[in-house]
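S.K.: Make a model of this:
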Amino acid sequence: MNSPGSAASSDSAAPVCSAKGCRADAVWVLAWNNPKLHTPERRKTWLACEEHREHLSGFLGVRGFLKDVVTLAEWEARSASA
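M.R.: The predicted structure is shown next:
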């Protein structure tokens, strides 16, 4: 799935939703972690448009993987200040 920065094919392209077949602009970042594979502090990300945020959050949530859901703008601001 896409992660911030990797979803764009060029510097001018906006990140897109990670839902299969969706090409809508991403608005949300879903930070997740599979504790069987990743260290506790590691965060993988999926991007979501408004339409798919709940579906993707639910998919990760029922597995116990979902750690945080924030707007793409907030995620980018956190990354810039780190």
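S.K.: Same question for the strand or helix carrying residue 60: list its buried residues.
M.R.: Assessed by DSSP states H and E, residue 60 sits inside helix 53-62. Judged by neighbour count (16 or more other CB atoms under 10 Å), helix 53-62 contains these buried residues: 53, 56-57, 59-60. Placement of C-beta: from N, CA and C, glycine included.
S.K.: swap in stretch 16-33?
M.R.: For stretch 16-33, a neighbour-count test (16+ other CB under 10 Å) marks 16-19, 22, 26-33 as buried.
S.K.: Extract the C-alpha trace of it and format it as PDB.
M.R.: C-alpha atoms of stretch 16-33 as PDB (Å, rounded to 0.1, in the frame of the first residue of the first chain):
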ATOM      1  CA  VAL A  16      -3.500   8.900  -3.400                       C
ATOM      2  CA  CYS A  17      -5.800   6.700  -1.300                       C
ATOM      3  CA  SER A  18      -4.400   3.200  -0.600                       C
ATOM      4  CA  ALA A  19      -7.800   1.500  -1.100                       C
ATOM      5  CA  LYS A  20      -7.600  -1.000  -4.000                       C
ATOM      6  CA  GLY A  21      -8.600   0.800  -7.200                       C
ATOM      7  CA  CYS A  22      -9.100   4.200  -5.600                       C
ATOM      8  CA  ARG A  23      -7.200   7.100  -7.200                       C
ATOM      9  CA  ALA A  24      -8.700   9.800  -5.000                       C
ATOM     10  CA  ASP A  25      -6.500  12.300  -3.200                       C
ATOM     11  CA  ALA A  26      -5.400  11.100   0.200                       C
ATOM     12  CA  VAL A  27      -6.700  13.100   3.200                       C
ATOM     13  CA  TRP A  28      -5.900  10.800   6.100                       C
ATOM     14  CA  VAL A  29      -2.900   8.800   7.300                       C
ATOM     15  CA  LEU A  30      -3.600   5.500   9.100                       C
ATOM     16  CA  ALA A  31      -0.500   4.600  11.100                       C
ATOM     17  CA  TRP A  32      -0.300   0.900  11.900                       C
ATOM     18  CA  ASN A  33       2.000  -1.800  13.200                       C
END
